[in-house]
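>>> generate a structure from the sequence data that follows.
(one chain, ligands or ions: 1)
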Amino acid sequence: MPQTLHYTVDPFDLAGHRLRITLHIPRVANRDQIIFAPAWIPGSYLIRDFSRHIESIRGMHDGKWHTPEKIDSHHWVFRRCHGSLSVEIVVYAWDLSVRGAHVDQSHVFFNGTSVFLGVKGLESKRCTVDIKRPTGKRNWRAYSSMPLLKSYPNGKLMGRYVAPNYDALIDHPFELGTPQVVEFDACGAPHKMIFSGYAPNLDLQRIKHDAQKICESQIRLFEPDRPKAPFLDSADHYLFMTTVTPDGYGGLEHRASTALVASRKDLPTLHQQNPPHGYTTFLGLVSHEYFHTWHVKRIKPAAFVPYDLSKPNHTQLLWVFEGFTSYYDDLMLLRSGVIDLAAYLSLLSKTITTVHSAPGRFKQSLADSSFDAWTKYYKQDENAPNTISSYYAKGSLVALGLDLTIRIKSKDRYSLDDVMRALWRKFGLNFYKQSQTGLGEAELAKLIRTTTAVDVSGEIDQWVTNTEDVPLQSLLAQAGFAMRWMNKDQMPALGATFKPLGEFLTVRHVIEGGEAHRAGLSSADVLLAIDDLRVGNSLEALKSILATYKTGSVVTLHTFRADVLRSVRLRISAPQKSTCEIHPINGQSGIANREQL
Ligand code: ZN
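Down below sits the predicted model:
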């Protein structure tokens, strides 16, 4: 009889943000049984040392409690075991992010990586999970995409869940509480959206309506002939789990769910004539994470098959997995009809403006940006714009560049959609059933050639292996769009960005080679006055003060650096044409057609 590892999650101390988790192993794999905690969570490429939140660990075998020996920061060993072993940990859970665990009297949210210890040698074994009902929370419900074996309405247990192995066990986060819930079907598959946190009068019907269109469009993109949702290999529904916060933003993808953090002001409420401006940002996040259900949760880099949760897993392909996803997230908003072409082109223009404002794109290739995500992209400091290239933002422009190149060279016979479907058929479709292989580091160009008969190896070499810009102006022109560089805000080019801090503005980034760099301004310098005039804490005030000077004037900036007054001389240079704008060229069709782009 194959054995099942059994976990129990007990939210025993809501006020103190603590969970007690027990793991019962019916038969240990080894006499010296190693137990581990993941060092990172798939999808978020940074060593997070989840073991640091484990307050206590002990194990029961031979009828006695034992303290394990520590091997390193993430591994423990219980010596001289035979037969069964039960391990008990207490986890402190007070991280309101999509990556961790958060517990208080209002709700419980956790990722499996924060609470479920792994058993060395038994990673492939089936796992069951009991969720205990917190004392006094009779109206709470449990939400997770992990398949439910049995529910216990109002009982001491909230539910018993099952996962085929450890990899699946840690890929279905849980929410316990009383969130707002809305459900819909997309291509016949059940989807559920839950919103926890304070969000009065949320317009759930509008959100449901838009999310459904996005999900259906994506399912039809990958499976145009027989639309079938990808997560049905692992779950009976897909779950969007949103935590509403004052100003948060972020998401993390899972095989049949996603954890999102959204800003309250980005969500539509009842009785609003129009949704807030930031609603497109929220829908873009929904679209992005849902796209990952295919692309990175099933189609994966070979380097992630299987994940090694004890150390960084390096791949040069994050530009494919995050960049293509970032390209399709907004594009699917357009294709599904939740935004119009003008709104889409405005989003695209913003991405191009952002990418082109950072000189770091000439220092770091996208292949290197992907490989070094663990130490650079995820550890950005004030120098990031000068040294880093974003595999998200530039990666999405490379996806657009490849899409346009394939369309132009194949005379509109093929597009990047065909490449996505080929990736899906080759790597994704049966990933959790049998295939368990991933995309090789140098395999994409060949797959594109086989699929579309277009050779993009030169483009990938220039834009990804090297640091060249994607020639979007000429590619877009061939597709019927005019791209121009504008000076939109009339702000003189200081070569620095600022952010408000208390009563003042402080320097955020100094762009290499700009006036601020030449003058010796630094990040965190507090801007007090320009010549004799106080600046205050508003960017608008800074802009209006600068507008009183002629281009070429030299001004004195008075600043504090580490509480010491400094004055630097800075030349006001002409405003730069640094804002991208894209318009359809009248009378042209081709890719301007909404259905095709
Ligand atoms: Zn992503």
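
>>> identify the residues contacting the closest residue to Ile25 other than its chain neighbours.
Using CB to CB, 6 or more residues apart in numbering and skipping residues adjacent in sequence, the residue nearest Ile25 is Leu85, 4.7 Å away. Using the backbone N, CA and C atoms, a C-beta is placed for each residue, glycine as well. Going by CB atoms under 8 Å, 6 or more residues apart in numbering, Leu85 touches 24-25, 28, 33, 59-61, 78.

>>> from Ser396, how far off is Leu85?
In this view, Leu85 and Ser396 are 48 Å apart by CB to CB, to the nearest Å.

>>> same question for Leu402.
Leu402 is 11 Å from Ser396, by CB to CB.

>>> next one: Leu122
In terms of CB to CB, Leu122 sits 40 Å off from Ser396.

>>> for those two, indicate the residue with more neighbours.
Neighbour totals were compared for Leu122 and Ser396, and Ser396 leads with 27 against 20 (other CB atoms under 10 Å).

>>> just to check, that one is in contact with Thr351?
Yes - at 6.0 Å, Ser396 counts as touching Thr351 under the criterion of CB atoms under 8 Å.

>>> mutual contacts of the two, please.
Joint contacts of Ser396 and Thr351 (CB under 8 Å, 6+ apart) are Ser326.

>>> tell me the pLDDT of the nearest residue to Asn537 once chain neighbours are set aside.
With sequence-adjacent residues excluded and distances taken as CB to CB, 6+ apart, Asn537 is closest to Pro500, at 4.2 Å. pLDDT recorded at Pro500 is 96.

>>> over to Asp203: give its phi and psi.
phi -90, psi 80 (degrees, to the nearest 10).

>>> burial check on the closest residue to it other than its chain neighbours, number of neighbours?
Leaving aside its chain neighbours, Asp203 sits nearest to Pro268 (4.2 Å; criterion: CB to CB, 6+ apart). Neighbourhood size, Pro268 [other CB under 10 Å]: 19.

>>> can you start the count at 408 instead of 1 from here on
Taking 408 as the first residue, the last one we looked at is Pro675.

>>> now do the same for Lys620: helix, strand or coil?
helix (DSSP: H, G, I helix; E, B strand; the rest coil).

>>> who touches it in this structure?
743-745.

>>> tell me the spacing between the residue nearest to Asp610 and Pro683.
Pro675 is 7 Å from Pro683, by CB to CB.

>>> TSV for the contacts of Leu492, including pLDDT, distance to Arg533 and neighbour count?
Shown next, in TSV, are the contacts of Leu492 (pLDDT from 0 to 100; distance: CB to CB, whole Å; neighbours: other CB atoms under 10 Å):
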residue	pLDDT	distance to Arg533	neighbour count
His431	98	13	16
Ile432	98	12	25
Val435	95	16	21
Gln440	98	18	24
Gly466	98	21	22
Met467	97	21	16
His468	94	21	20
Phe485	98	21	24
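
>>> report the longest strand in this protein, please.
strand 411-420 (DSSP state E).

>>> other SSEs contacting that strand?
strand 425-432, strand 533-539 (3 or more CB pairs under 8 Å, 6 or more residues apart in numbering; DSSP states H and E).

>>> give me the sheet partners of it and which way each runs.
strand 425-432 (antiparallel), strand 533-539 (parallel) (DSSP bridges).

>>> one step back: tell me which helix or strand the residue nearest to Asn944 sits in.
strand 903-908 (DSSP states H and E).

>>> buried residues, that strand. List them.
903-905 (16 or more other CB atoms under 10 Å).

>>> make JSON lines out of these and add distance to Thr520.
As requested, these are exported to JSON lines (distance: CB to CB, whole Å):
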{"residue": "Ala903", "distance to Thr520": "39"}
{"residue": "Thr904", "distance to Thr520": "34"}
{"residue": "Phe905", "distance to Thr520": "37"}
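
>>> looking at these, which is nearest Pro475?
Distance to Pro475, by CB to CB, is smallest for Thr904 among the buried residues of strand 903-908, at 49.0 Å.

>>> which residues does the closest one contact?
With CB under 8 Å, 6+ apart, Thr904 has these contacts: 914-916, 918.

>>> buried subset of those as a ChimeraX selection?
Typed into ChimeraX, the line below selects the buried ones among the contacts of Thr904, using 16+ other CB under 10 Å:
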select :914,916,918
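
>>> tell me which of the contacts of Thr904 is nearest to Gly943?
Val914 (15.0 Å).

>>> now do the SS call for that closest one.
Val914 - assigned by three-state DSSP - is strand.

>>> what's the pLDDT at it?
So, for Val914, pLDDT stands at 97.

>>> what do you get for Thr585?
In this prediction, Thr585 has a pLDDT value of 98.

>>> verify the contact between it and Arg548 for me.
Yes - with contact defined as CB under 8 Å, Thr585 reaches Arg548; the gap is 7.1 Å.

>>> who's more crowded, the two?
Arg548 (17 against 13).

>>> what about that one, distance to Ile538?
10 Å.

>>> which residues are common contacts for those two?
With CB under 8 Å, 6+ apart, Arg548 and Ile538 have common neighbours 565, 583.

>>> the helix or strand of the chain with the lowest mean pLDDT packs against which elements?
For the chain, counting by mean pLDDT, DSSP states H and E, helix 946-953 ranks last in confidence among helices and strands (a mean of 91). Other helices and strands packing on helix 946-953, by 3+ CB pairs under 8 Å, 6+ apart, are strand 903-908, strand 933-937.

>>> where along the stretch 658-807 of the chain do the strands fall?
664-670 (DSSP state E, counting those that start in this stretch).

>>> now the helices for it?
Remark: helices assigned in the stretch 658-807 of the chain by DSSP state H, counting those that start in this stretch are 686-698, 725, 731-742, 748-763, 773-778, 791-794, 800-816.

>>> distance to Val510 and mean pLDDT added to those helices, as JSON lines?
Shown next, in JSON lines, are the helices of the stretch 658-807 of the chain (distance: least, CB to CB, whole Å; pLDDT from 0 to 100):
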{"stretch": "helix 686-698", "distance to Val510": "23", "mean pLDDT": "98"}
{"stretch": "helix 725", "distance to Val510": "31", "mean pLDDT": "98"}
{"stretch": "helix 731-742", "distance to Val510": "30", "mean pLDDT": "98"}
{"stretch": "helix 748-763", "distance to Val510": "36", "mean pLDDT": "97"}
{"stretch": "helix 773-778", "distance to Val510": "34", "mean pLDDT": "98"}
{"stretch": "helix 791-794", "distance to Val510": "33", "mean pLDDT": "96"}
{"stretch": "helix 800-816", "distance to Val510": "34", "mean pLDDT": "98"}
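
>>> for the helix or strand that Val494 is a member of, which strands pair with it and how are they oriented?
Using DSSP H and E, Val494 sits in strand 492-499. Sheet neighbours of strand 492-499, with direction, are listed as strand 425-432 (antiparallel), strand 461-468 (antiparallel) (DSSP bridges).

>>> quick check, distance from the last one to the centre of its chain.
Just to be clear, that refers to strand 461-468. 33 Å (CA atoms, centre = their mean, to the nearest Å).

>>> for the helix or strand just after it, packing partners?
Toward the C-terminus, strand 461-468 is succeeded by strand 471-473 as the next helix or strand (DSSP H and E). Secondary-structure packing of strand 471-473 (3+ CB pairs under 8 Å, 6+ apart): strand 461-468.

>>> just the residues contacting the strand it packs on, thanks.
425, 435, 442, 444, 472-475, 483, 485, 488-499.

>>> buried among the residues you listed? Make that a ChimeraX selection.
Entered in ChimeraX, the line below selects the buried ones among those, by 16+ other CB under 10 Å:
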select :425,435,442,444,473,475,483,485,488,492,493,494,495,496,497,498,499
